[in-house]
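Trainee: Could you work out the structure for the sequence below:
(one chain, ligands or ions: 1)
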Amino acid sequence: MSLRKRWFAWMYHTFVSRTGTPDFADTLTREVRAPLLARARGQVLEIGAGDGANLPFYPSQTQVTLLEPNRYLLAYLRDRWPGVRCTVTGGLLGWGERLPFGERQFDTVVATHVLCSVRDQGQVLAEIKRVLRPGGQFLFLEHVAAPPRSLTLAVQHALNPAWSALGDGCRLTRDTGAAIQAAGFRSVEVRSFRAPYPPFVSPHIVGVALV
Ligand SMILES: C[S@@+](CC[C@H](N)C(=O)[O-])C[C@H]1O[C@@H](n2cnc3c(N)ncnc32)[C@H](O)[C@@H]1O
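Mentor: Next up is the predicted model:
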């Protein structure tokens, strides 16, 4: 585990998620993240759970398993378990490309701001489908590439190398909505919107894919 992972964990926890504490003054939290996670039900798996910024939003009757590949973020995450209203059934070190679970174990899988960073989106989406029960749902919130031929997309391409180095492999130019549509879910409900962030991270999608 590199120094870079440790630095990213500290930077993300301190400045981006603001110690994983929900900020309802933030419109993305209030209007998008909280309503999305309110849809979670049953046995939930969250991949790339970071420092646990989603934990306060899970409904009380959910049982949530957390997966995170960065052990420094996992340590922050463990600090957040006490006091949340859902039941946290465990926190594991692991990657979305190879989920350490059998088939059809979860009712809900969650990824927020994760598919921008994974090494292989197609493999992660196949794994999500594999571990979902029939009728299960994948809840997602991601920043994505700006529209083709736009100035914002050109800026995203220019910033990608530096952004990726600072952001632990995060890419600004992924068409994650298309990847989810192509992954073979039974149905995909997706909404595009602009988050109140700098223009190059503003294009977002939020939605639910069903198996
Ligand atoms: C921008 S952070 C988002 C954290 C959290 N989901 C949130 O919304 O605050 C991206 C997260 O994805 C994780 N990640 C990166 N590559 C991953 C992979 N291949 N599989 C699972 N998680 C991954 C990172 O360790 C990090 O926790």
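Trainee: now Phe193, nearest residue through space, not along the chain?
Mentor: Once flanking residues are discounted, Phe193 sits nearest to His204: 5.5 Å by C-beta to C-beta, 6 or more residues apart in numbering. Bear in mind the C-beta positions are built from the backbone N, C-alpha and C, glycine included.
Trainee: what pairs with the host helix or strand of that neighbour, and is each one parallel or antiparallel?
Mentor: In this structure, His204 sits in strand 203-210 according to DSSP states H and E. With DSSP bridges as the test, strand 203-210 is paired with strand 132-143 (antiparallel), strand 187-194 (antiparallel).
Trainee: Kindly compare burial across those and name the winner.
Mentor: Most buried of the strands paired with strand 203-210, by mean neighbour count (mean count of other C-beta atoms under 10 Å): strand 132-143, with a mean of 20.
Trainee: Tell me if it is near the ligand.
Mentor: No: counting by C-beta under 6 Å from any ligand atom, the ligand has no neighbours in strand 132-143; the shortest distance is 7.3 Å.
Trainee: which ones are touching the residue nearest the centre of the chain?
Mentor: Computing the C-alpha centroid of the chain and ranking residues by C-alpha atoms, centre = their mean puts Thr112 first, at 2.0 Å. Thr112 makes contact with 33, 36, 48, 53-54, 140-142 under the criterion C-beta atoms under 8 Å, 6 or more residues apart in numbering.
Trainee: what about this protein, any weak spots by pLDDT?
Mentor: Counting by pLDDT under 70, the low-confidence segments of the chain come to 1.
Trainee: Enumerate the residues of it near the ligand.
Mentor: Taking C-beta under 6 Å from any ligand atom as the contact definition, the chain meets the ligand at 12, 17, 47-50, 53-54, 68-70, 73, 95-97, 112-114, 117-119.
Trainee: Sort out for me which of those residues are in helices.
Mentor: With helices taken from DSSP state H, the overlap with these comprises Leu73.
Trainee: Is it possible to mark the buried ones in the residues of the chain next to the ligand?
Mentor: Among these, those scoring as buried are 12, 17, 47-50, 53-54, 68-70, 73, 95-97, 112-114, 117-118 (criterion: 16 or more other C-beta atoms under 10 Å).
Trainee: Looking at these, which are in strands?
Mentor: Counting by DSSP state E, these place 47, 68, 112 in strands.
Trainee: Now do the contacts for the closest residue to the first one other than its chain neighbours.
Mentor: Leaving out its chain neighbours, the residue that sits closest to Ile47 by C-beta to C-beta, 6+ apart is Gly96, at 4.5 Å. The neighbourhood of Gly96, defined by C-beta under 8 Å, 6+ apart, consists of 47-48, 67, 111, 114, 118, 123-124, 127-128.
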